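1. compute the structure for the input listed below.
(one chain, ligands or ions: 2)
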Amino acid sequence: MAATSISSAANKLTNQTPSFQPQEKNSHSSPTCLSFSNSSISLQKLSFSTNFTNPNSRSSTAINVLKTAEASESVSRTRDPEPVGKSTKPTILVSEKLGEAGLDLLRSFGNVECLYSLSQEDLCAKISECDALIVRSGTKVTRQVFEAAKGKLKVVGRAGVGIDNVDLQAATEFGCLVVNAPTANTIAAAEHGIALLAGMARNVAQADASMKAGKWQRNKYVGVSLVGKTLAVMGFGKVGSEVARRAKGLGMHVIAHDPYAPADRARALGAELVSFDQAISTADFISLHMPLTPATNKILNDDTFAKMKKGVRIINVARGGVIDEDALVRALDNGIVAQAALDVFTVEPPPQDSKLVQHENVTVTPHLGASTKEAQEGVAVEIAEAVVGALRGELSATAVNAPMVPPEVLSELAPYVALAEKLGRLAVQLVAGGSGIQSVKVAYSSARDPDNLDTRLLRAMITKGIIEPISDAHINLVNADFIAKQKGLRLSEERVFVDSSPENPIESIQVQISNVGSKFASALSDNGNISVEGKVKYGVPHLTRVGPFSVDVSLEGNLILCRQVDQPGMIGQVGSILGESNVNVSFMSVGRTLKRTKAVMAIGVDEEPDKETLKKIGEVAAIEEFVFLDL
Ligand SMILES: NC(=O)C1=CN([C@@H]2O[C@H](COP(=O)(O)OP(=O)(O)OC[C@H]3O[C@@H](n4cnc5c(N)ncnc54)[C@H](O)[C@@H]3O)[C@@H](O)[C@H]2O)C=CC1
Ligand SMILES: O=C(O)C(=O)COP(=O)(O)O
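-> Ligands and ions are numbered 1, 2, ... in the order given. Presented below is the predicted three-dimensional model:
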């Protein structure tokens, strides 16, 4: 058996946080063990398997990743399926103007409320009624908004590219997915950039204003030519590369700076990738197309303006914050910058007396880059599809704060999702009260190449299974790693190669909790870790090993694990006690290490036995220990 470590860097906690203390909720005890039973672990918490239903649904993806509280009544446990189909329409708040086609799509799925120009206070007051919020660049989705949502908000859709107006960290902490619409406005933004470039070079806006003021100033508005001039495209992503393509068509020499862009993509468009300093010091025109991040904040400032060619012209269709606006005014005044054309501003709208806006060598537009009819229709549909998909629980291809798991991987892993969560739930219920859980090891046995096995979803589900039964956290794919880290829980993953068919992504999953005591000592493996292992059989999760004992029970309903002297009559005795209390046994399995020594009996029960019944089981002479587990 070869073991390959695929521990994720994200899961390696560098900061030691306090250990995670399981606190049993509503636990009741029996003489021989603490029961961890907790029927109050509500179905609402099974957030990965809840769903909104849509009569017009075209969706096929099965694994749901977001909390959908209202719909949780439609959740069914595997054994007793309840009718799925109770449709509670989600509420979708649209806080800025969105194209009709997108609104229509949203209306076919949920209750859509369009409330434009909400103050931050009004947004906070409204948000706790909303499952989804759709914004453009004008709405600030702050931590306050997520706090005010009180866990109701599942998804924020940004109808456009830039997500600098959404507090992503807060969204992640609150388990709220953020999706954007990254492609539909690319051309509009690029065209606007070119419009500003050409309009600025020929003083179109200034000449227009002058004529409207009754003047005819042909000598004042002599422009500069574009052909043969060097354009530096800063940020060679979707918009930047489309600007470059168009500028090439205008006969410009295009250079680009982007630390993350592949050189061959730039070369294919006839642009040369250069360093930041080379770009800004050799360009006649500088066009900005990078996102606003801590690294790009005020990237054009007094120091960088000082390195530019005298008479340079600046275009900004990205974000106002990438320029230090006071420094730009100084650079315009001292002639380093001849002209600027700006669509975006640090504060939008900028103050009316803004020196920058009023500067005679500055052309401005009110954040119009994405504002074409075509782009707005496209963006609206793109974001509506992403938000509806997210509300249905599908993983979004445009998720900004969650791993993107391709649909084919999702459908392949679907049966293992339940197994992963149940093993997590089971393992944590075996931890003795007072033990601090810090370290969880997960081993996936598989015949697959590690590169061909994406375990992020399973890891999130194991985390969910471990944390949710003993805390108030609601965990989904968005916040699993964050909450694990916050709780001081380190989860490392290992791939164990097994020689079987690689058609099955996974043969078995083993979950081990290290350095803790167990309330069921038989669950401790040789290395002293609590260890449970399971498989998917005929699409149903099964427990196949507890500590050193092999068992084979389907992980449904509730489970009693007993360790007893391996002797005849044990099954009958325990079965009768349960039967007398009208507790129905659904399945059972006995595993032992050696004949007539010790055995572990796993009993599936449909109902939760009361304290008295559990006490009677504990009093059976040959039973050495037992535990009741709520799956
Ligand atoms: N004015 C408007 O209405 C619109 C503005 N935008 C803005 O344009 C910008 C670009 O959008 P897209 O091209 O769609 O995004 P994108 O993600 O495709 O491209 C951004 C590029 O910037 C690069 N980048 C990141 N850090 C950088 C740095 N320090 N220096 C240089 N390059 C860096 C990235 O590697 C990436 O290639 C975004 O800020 C977006 O918000 C986009 C659409 C409309
Ligand atoms: O998509 C972007 O990043 C934009 O800046 C467009 O903003 P808007 O949706 O027009 O407010």
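2. got the residues of this structure near ligand 2?
-> For the chain, the residues in contact with ligand 2 (Cβ under 6 Å from any ligand atom) are 136, 137, 138, 159, 160, 161, 162, 185, 367, 369, 370, 371. Where C-beta positions appear, they are placed from N, C-alpha and C, glycine not excepted.
3. out of the residues you listed, which comes closest to residue 582?
-> residue 159 (56.1 Å; Cβ to Cβ).
4. who are the contact partners of that closest one?
-> 96, 98, 102, 134, 135, 136, 180, 181, 379, 380, 382, 383 (Cβ atoms under 8 Å, 6 or more residues apart in numbering).
5. check what pLDDT it gets.
-> Confidence at residue 159, expressed as pLDDT, is 98.
6. now, of the residues of the chain next to ligand 2, which are buried?
-> Buried subset of the residues of the chain next to ligand 2 (neighbour count, 16 or more other Cβ atoms under 10 Å): 136, 137, 159, 160, 161, 162, 185, 367, 369, 370, 371.
7. before we move on, back to that, out of the residues of the chain next to ligand 2, flag the one nearest to residue 211.
-> Closest to residue 211, out of all of those and judged by Cβ to Cβ, is residue 371, at 24.9 Å.
8. rewinding a little: which of the residues of the chain next to ligand 2 fall within helices?
-> In helices, judged by DSSP state H, none of those are found.
9. mind putting those residues into CSV with distance to residue 565?
-> Listed next are the residues of the chain next to ligand 2 as CSV, based on distance: Cβ to Cβ, whole Å:
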residue, distance to residue 565
136, 70
137, 71
138, 72
159, 67
160, 68
161, 67
162, 68
185, 72
367, 77
369, 77
370, 74
371, 78
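10. coming back round to it: check the contacts of residue 159 and tell me the two furthest apart.
-> Farthest apart among the contacts of residue 159 - using Cβ to Cβ - are 96 and 382, which lie 14.9 Å from each other.
11. list the contacts of the residue in the chain positioned nearest to ligand 2.
-> Scanning the chain for the residue nearest ligand 2 gives residue 160, at 2.6 Å (criterion: Cβ to the nearest ligand atom). Neighbouring residues of residue 160 by Cβ under 8 Å, 6+ apart: 136, 137, 180, 181, 185, 370, 379, 383.
12. sketch out the low-pLDDT regions of the stretch 1-150 of the chain for me.
-> 1-87 (pLDDT under 70).
13. indicate the residue of it located nearest to ligand 1.
-> Counting by Cβ to the nearest ligand atom, the stretch 1-150 of the chain gets nearest ligand 1 through residue 137, at 7.1 Å.
14. once you drop chain neighbours, what's closest to that residue?
-> residue 165 (5.7 Å; Cβ to Cβ, 6 or more residues apart in numbering).
15. what number of residues lie near the one you found?
-> 19 (other Cβ atoms under 10 Å).
16. contact partners of stretch 496-512?
-> Taking Cβ under 8 Å, 6+ apart as the rule, stretch 496-512 contacts 1-4, 412-413, 416, 419-420, 423-424, 426-427, 440-449, 452-453, 458, 462, 525, 527, 529-536, 544-545.
17. are any of the residues you listed buried, and if so which?
-> 412-413, 416, 419-420, 423-424, 426-427, 440-448, 453, 458, 462, 525, 529-536, 544-545.
18. please flag which of these sit within helices.
-> Short answer: the buried ones among the contacts of stretch 496-512 in helices (DSSP H) are 412, 413, 416, 419, 420, 423, 424, 426, 427, 458, 462.
19. give me the pLDDT for the closest residue to the second one other than its chain neighbours.
-> Distance criterion Cβ to Cβ, 6+ apart; nearest residue to residue 413, sequence neighbours excluded, is residue 457 at 5.7 Å. According to the prediction, residue 457 has pLDDT 87.
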